[in-house]
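Novice: sequence plus the predicted model coming up.
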Amino acid sequence: MKHNIVTFIAITIFALSGIVFWETGFVEYVLSAIALLYLALTAYGSAKIQSNYFLTSINYGKRKSVALTFDDGPDPETTPRILATLREKNIKATFFVIGKKAAAYPGLVQQIQDEGHIVGNHSFTHHYLIGFFSTQKLKNDLAHCNEVIRDIIGKTPVFFRPPFGVTNPRYAGVLSQLQLNSIGWSLRSMDTRAKNKYQIINNVITRLKARDIILLHDNLRPTADALDDLIEHCLQKGIKIVPLSDLIQKEPYDHN
């Protein structure tokens, strides 16, 4: 992991700098600067899933196509609208569901599965402090989400997207134990900040390229409003939209 390499280098430089600058009167400033730089790199690596700092996430596809992924559902108002658009356009997507929402709306999760989409794990609680969970608490949370999904659709997901895209050293071990693949993204629609569908459309179409994994949210009205236009734009540009499993060439469920 990059984190281990950066930590080793930081410790080495810290020790050598302490020796070199010990009698210069600048040692405290130099060591403080090194420590701050290390903390900054660690914070960046934690927040930027594409950096693969603590663990390797799948952030791009292997084919010259794109995949649509939706987080934070299911939502009783907007998820059905999104499913209707996908059904009309004959497009398959991936829904990274929050376990407690899946438990509250099992019919929607079953509909996602029945209509040929992929159901992924987005944690059970999606707690805003999940990044500070202990290893065991994190493992229990992700396992609980998988159990909820399995009880509804009869399949156990192996695709997992970290809440908020934030990772830490505990995730690598937990995902390995649960045999989950971390799925990131290469194109963020910024729909969580959008006030209308046009902002989402502009954010996507101005940066869209082959092999993109597109991050959207199926609990937002502007996203549901924008989806038809986003799909049409892809089709007009000759960019094929395929299931995430096809794009990254991995199976979405545990077949053991």
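Specialist: The structure has been received and is ready for your questions.

Novice: after the longest strand anywhere in the chain comes which helix or strand?
Specialist: Identified as the longest strand of the chain according to DSSP state E is strand 67-73. Next along the chain after strand 67-73, taking DSSP states H and E as the criterion, comes helix 78-89.

Novice: and that following helix, what does it pack onto?
Specialist: Under the contact criterion of 3 or more CB pairs under 8 Å, 6 or more residues apart in numbering; DSSP states H and E, helix 78-89 touches strand 67-73, helix 106-114, helix 221-236. All C-beta spots, glycine's among them, are computed from the backbone N, C-alpha and C.

Novice: so what are the sheet partners of the shortest one and their directions?
Specialist: If I follow you right, that is strand 67-73. Applying DSSP bridges to the sheet, strand 67-73 is found paired with strand 94-97 (parallel), strand 213-217 (parallel).

Novice: circling back: out of the helices and strands packed on helix 78-89, flag the one nearest Ser176.
Specialist: Counting by CB to CB, Ser176 lies closest to strand 67-73 out of the helices and strands packed on helix 78-89; the figure is 22.2 Å.

Novice: now the angle from that closest one to helix 221-236?
Specialist: Orientation of strand 67-73 against helix 221-236 (axes from the mean of the first three to the mean of the last three CA atoms, to 10 degrees) gives an angle of 170 degrees.

Novice: what's in contact with strand 67-73?
Specialist: For strand 67-73, the surrounding residues in contact (CB atoms under 8 Å, 6 or more residues apart in numbering) are 61, 79, 82, 86, 91, 93-98, 101, 108, 120, 122, 126, 161, 183, 185, 212-219, 223, 230, 241-244, 246-248.

Novice: the stretch 51-200 of the chain: helices as residue ranges?
Specialist: Taking DSSP state H, counting those that start in this stretch as the criterion, the stretch 51-200 of the chain carries its helices at 78-89, 99-104, 106-114, 135-153, 169-178, 197-205.

Novice: so where's the stretch 151-256 of the chain shaky on pLDDT?
Specialist: Within the stretch 151-256 of the chain, the stretches with pLDDT under 70 are 256.

Novice: hmm, try it at 80
Specialist: Judged against pLDDT under 80, the low-scoring parts of the stretch 151-256 of the chain cover residues 255-256.

Novice: and the chain, what are its domains?
Specialist: Residue ranges for the domains of the chain, per automatic domain parsing: 2-47, 67-250.

Novice: what's the span of the last one, first residue to last?
Specialist: Using CA to CA, to the nearest Å, the end-to-end distance of domain 67-250 comes to 13 Å.

Novice: returning to what we had before: among the contacts of strand 67-73, which ones are buried?
Specialist: With burial judged by 16 or more other CB atoms under 10 Å, the buried subset of these is 61, 79, 82, 86, 91, 93-98, 101, 108, 120, 122, 126, 161, 183, 185, 212-219, 223, 230, 241-244, 247-248.

Novice: okay, the strands paired with strand 67-73 in TSV with distance to Cys234 next?
Specialist: Output for the strands paired with strand 67-73, formatted as TSV (distance: least, CB to CB, whole Å):
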stretch	distance to Cys234
strand 94-97	16
strand 213-217	9
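
Novice: out of these, flag the one nearest Val174.
Specialist: Across the strands paired with strand 67-73, Val174 has its closest neighbour in strand 94-97 (16.4 Å, CB to CB).

Novice: thinking again about what came up before, TSV please, covering the domains of the chain and showing distance to Leu55.
Specialist: What follows is the domains of the chain, written out as TSV (distance: least, CB to CB, whole Å):
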stretch	distance to Leu55
domain 2-47	9
domain 67-250	4
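
Novice: out of those domains, nearest to Ser57?
Specialist: Across the domains of the chain, Ser57 has its closest neighbour in domain 67-250 (3.9 Å, CB to CB).
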